[in-house]
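In: no sequence on this one, just coordinates:
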């Protein structure tokens, strides 16, 4: 190529510069989207950290759940054991999973490796121990049902443990109280504790008071069991006991509905004429004296009432609609009370 071809009209042609790339503009909407994604990622990472569960500092760590305790309280206890990084972590997870009510007892935390496992422990797991409350006046059979329902101790196992060497139930000898027991544990030590508890609360003069009334200690316990079932108010219990002792002293039939109720359910507290003739040693309408065994497990007020009943002239009593008893010396007075209170009086 010659010089003429390299120039046009005496000017040298310079090469054109390369085009610059256009900068893309970040719109506000795109910025918001980026920030949202970042927030979601950060939140997810943060949530995972909050929900992380590590083994407790102590190998034998546990959490006790008491009556009325909330999941917030349990969540705080788990946090204090060093298992979570936030005191409300379990509480938040509980709400997400729609956890139900808590069961009382002691929960062992060994082997818990994640939040779901921690949740399952308190939501549906079996506590190491549970507290079982037995109302005053429960029979052995009723106690057996409650222990199975609340402590996982089979009903049949409890009934077997509550049977003495002669084949009779330990009715009256199992003190009604609150007991902390091993969940699904052996029934024998539970029954033994209940028998020991009764021995520890019996009035110190129990044997002397039984002898004073020419009764055995077992018979006095039977009196206490009748008082437990016949009287709702503690103030009435000593007077009910006095009625029983007065009738026994005068060889009168006790005629107590509660004794028949041990073997025959009532109809809203009443029995038919035919049922009152039931041939059972627990039917004190037809059999004189006390029934052969206690009819329930009495509480301390009834035990005290049986041991220290006052001397009265009462032979009759009637439970009024409000639960209190009214007492009478003669049958005529008792009939008047029946007309007055069984027709809706107070």
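Out: That came through, no problem. Everything quoted here is computed from the prediction, not taken from an experiment. Residues are numbered from 1 along each chain as shown.
In: helix, strand or coil for residue 326?
Out: Of the three states, residue 326 takes strand under DSSP: H, G, I helix; E, B strand; the rest coil.
In: beta partners for it?
Out: Counting by DSSP bridges, residue 326 forms beta bridges with residue 318.
In: can I assume it is in contact with residue 333?
Out: No - in this structure, residue 326 is not within contact of residue 333 by Cβ atoms under 8 Å, at 9.3 Å. Every C-beta, even on glycine, is put in place using the N, C-alpha and C of the backbone.
In: contacting residues for the most centrally placed residue in the chain?
Out: With distances taken as Cα atoms, centre = their mean, residue 132 lies nearest the centre of the chain, 5.5 Å away. Residue 132 makes contact with 146-147, 150-151, 178-181, according to Cβ atoms under 8 Å, 6 or more residues apart in numbering.
In: narrow those residues to just the buried residues.
Out: 146-147, 150-151, 179, 181 (16 or more other Cβ atoms under 10 Å).
In: wait, residue 298 sits on residue 228?
Out: Yes - between residue 298 and residue 228 there is a contact under Cβ under 8 Å: 3.9 Å.
In: next, show the common contact partners of these two.
Out: 136-137.
In: how far away is residue 172 from residue 112?
Out: Using Cβ to Cβ, to the nearest Å, we find residue 172 at a distance of 44 Å from residue 112.
In: and for residue 129?
Out: Look at residue 129 and residue 112: by Cβ to Cβ, they are 18 Å apart.
In: the two - which one has more neighbours?
Out: Neighbour comparison, residue 129 and residue 112: the larger count goes to residue 112, with 22 against 19 (by other Cβ atoms under 10 Å).
In: count of neighbours near the residue nearest to that one when sequence neighbours are not counted?
Out: Spatial nearest neighbour of residue 112, chain neighbours left out: residue 118 (5.2 Å); criterion: Cβ to Cβ, 6 or more residues apart in numbering. The tally of other residues near residue 118 (other Cβ under 10 Å) stands at 26.
In: and whichever strand or helix holds residue 118, how far out from the chain middle?
Out: Taking DSSP states H and E as the criterion, residue 118 maps to helix 115-124. Counting by Cα atoms, centre = their mean, to the nearest Å, helix 115-124 is centred 20 Å from the centre of its parent chain.
In: for this structure, which segments count as strands?
Out: With strands called from DSSP state E, the chain shows them at 7-8, 11-12, 62-65, 105-108, 129-133, 178-182, 316-319, 325-328.
In: and these, which one is worst for confidence?
Out: Lowest mean pLDDT within these: strand 7-8, at a mean of 46.
In: can you give the domain ranges for this protein?
Out: Domain ranges of the chain: 62-124, 129-201, 206-341, per automatic domain parsing.
In: out of those domains, which gets the lowest mean score?
Out: Minimum mean pLDDT among the domains of the chain: domain 62-124, a mean of 90.
In: just the terminal-to-terminal distance for that domain.
Out: One end of domain 62-124 sits 16 Å from the other (Cα to Cα, to the nearest Å).
In: for that domain, what is the distance to the chain centroid?
Out: 19 Å.
In: next: stretch 203-223.
Out: With Cα atoms, centre = their mean, you get 33 Å for stretch 203-223.
In: now it: buried residues?
Out: Using 16+ other Cβ under 10 Å as the test for burial, stretch 203-223 gives 206, 209-210, 213, 215, 219-223.
In: measure it end to end?
Out: 14 Å.
In: helices of this structure, residue ranges please.
Out: 28-50, 71-80, 89-96, 115-124, 140-151, 155-161, 187-201, 206-212, 217-230, 237-249, 257-261, 300-307, 331-341 (DSSP state H).
In: turn the ones you listed into a markdown table, including distance to residue 315.
Out: Shown next, in a markdown table, are these (distance: least, Cβ to Cβ, whole Å):
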| stretch | distance to residue 315 |
| --- | --- |
| helix 28-50 | 72 |
| helix 71-80 | 55 |
| helix 89-96 | 60 |
| helix 115-124 | 56 |
| helix 140-151 | 31 |
| helix 155-161 | 37 |
| helix 187-201 | 30 |
| helix 206-212 | 20 |
| helix 217-230 | 14 |
| helix 237-249 | 5 |
| helix 257-261 | 16 |
| helix 300-307 | 17 |
| helix 331-341 | 8 |
